[in-house]
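Student: pasted the sequence and its predicted model underneath.
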Amino acid sequence: MSATIRSTEAGSALPVTTNEPGVTHTTVRELIRYRELLFFLTWRDVTIRYKQTLLGATWAVLQPLFTMIVFTVFFGRLAGIPSDGIPYPLFSYAALLPWTYFSTATLAAGNSLVNNTDLITKVYFPRMIIPASTVVSGLVDFAIASVLMIALLVYYDVPPDPELLVWPLAIGLVVVLALGAGMFLSALNVAYRDVKHALPFAFQILLFLTPIIYPTTLVPERYRFLTALNPLTGIIETCRAALLPAHAVDWSLFGTSALVTALVFVAGALYFRSREQTFADIV
């Protein structure tokens with residue numbers, strides 16, 4: 001049996017086979033085939049996020065903005081945490097921009113399967129599209145929040161630097177990391193609903209284990225290899241170096257983050273695909 005889900009574009013349709021036992025694992029060709037469904041679900045996530053909200057897309061800027069203000073007042077001024085000679089608002093916001101995207105996208109991806117029970121149990125399509133759509137939709141908020149980063153660079157008279165070309169690479173890496181972690185957590189969340197309650201707490205801890213409030217130079221030399229195992233460390237430090245001329249890109253740290261990100265993505269994809277056939281039965 002087969003059913004059809006139509007996209008928002010006139011005249012286009014996506015063939016979707018009803019869910020039956022023995023469905024094979026998703027292939028890359030299937031993901032490409034269902035790219036219109038990925039776009040449709042991404043657009044759905046974006047519209048639902050701001051439906052019936054007073055401020056709409058402004059919320060994408062308010063969260064990192066107010067977090068930056070709190071960090072600047074309490075950690076930059078009162079606690080006197082160093083920022084490597086960079087104005088603390090710039091220092092913190094350059095890190096909060098990728099961090100906010102990663103945490104929001106990964107949390108949404110982790111809950112995406114259990115939030116789409118009706119869709120999963122009725123029809124078959126590559127399940128990876130569901131967490132992928134939440135990760136991609138988060139890029140809309142990221143783009144909006146980036147406008148404030150540009151405004152801060154202009155306000156503090158920070159000129160563009162050739163290392164700015166590295167910034168898209170760092171952002172691409174955080175997207176891959178969010179997708180890998182999101183796939184793993186979404187599959188785990190289907191089997192163990194405790195994951196939904198543990199994730200916010202885990203991300204609060206991860207916030208302090210990542211050099212957002214403080215620079216990596218504040219970490220004792222003998223412990224820096226541990227911070228490098230956190231892939232967000234190299235990503236955030238690279239984002240700072242790309243946006244702020246006072247920083248230089250640490251390629252060894254960035255390479256370590258790229259390697260760990262690749263491992264997270266592969267592990268997340270393998271675990272997701274190993275559990276994919278059971279989603280409709282236990283979600």
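Tutor: The structure has been received and is ready for your questions.
Student: what about residue 69, neighbour count?
Tutor: 14 (other CB atoms under 10 Å). All C-beta spots, glycine's among them, are computed from the backbone N, C-alpha and C.
Student: and the strands in the protein?
Tutor: Under the criterion DSSP state E, the chain contains strands at 2-6, 13-18, 123-124.
Student: what lines up beside the last one in the sheet?
Tutor: Strand 123-124 has the following sheet partners, assigned by DSSP bridges: strand 13-18 (antiparallel).
Student: where does the stretch 1-150 of the chain dip in pLDDT?
Tutor: 1-31, 52-56 (pLDDT under 70).
Student: show me the residues around residue 71 that make contact.
Tutor: Residues in contact with residue 71 (CB atoms under 8 Å, 6 or more residues apart in numbering) are 88, 92, 96, 212, 213.
Student: neighbours of the last one, how many?
Tutor: Think residue 213. Per other CB under 10 Å, the neighbour tally for residue 213 reads 20.
Student: next one: the one 4 residues further on
Tutor: Other residues within reach of residue 217 by the criterion other CB under 10 Å amount to 10.
Student: dump the residue contacts of it.
Tutor: Applying CB under 8 Å, 6+ apart, we find residue 217 in contact with 82, 84.
Student: quick check, residue 88 in contact with residue 72.
Tutor: Yes - using CB atoms under 8 Å, residue 88 is in contact with residue 72, at 4.9 Å.
Student: got a list of what the most centrally placed residue in the chain touches?
Tutor: For the chain, residue 102 is the residue whose C-alpha lies nearest the centre (CA atoms, centre = their mean; 2.9 Å). Counting by CB under 8 Å, 6+ apart, residue 102 makes contact with 174, 177, 178, 232.
Student: how many neighbours does residue 245 have?
Tutor: Residues lying near residue 245 (other CB under 10 Å) number 15.
Student: once you drop chain neighbours, what's closest to it?
Tutor: The shortest distance from residue 245 to any residue other than its chain neighbours is 4.4 Å, reached at residue 161 (CB to CB, 6 or more residues apart in numbering).
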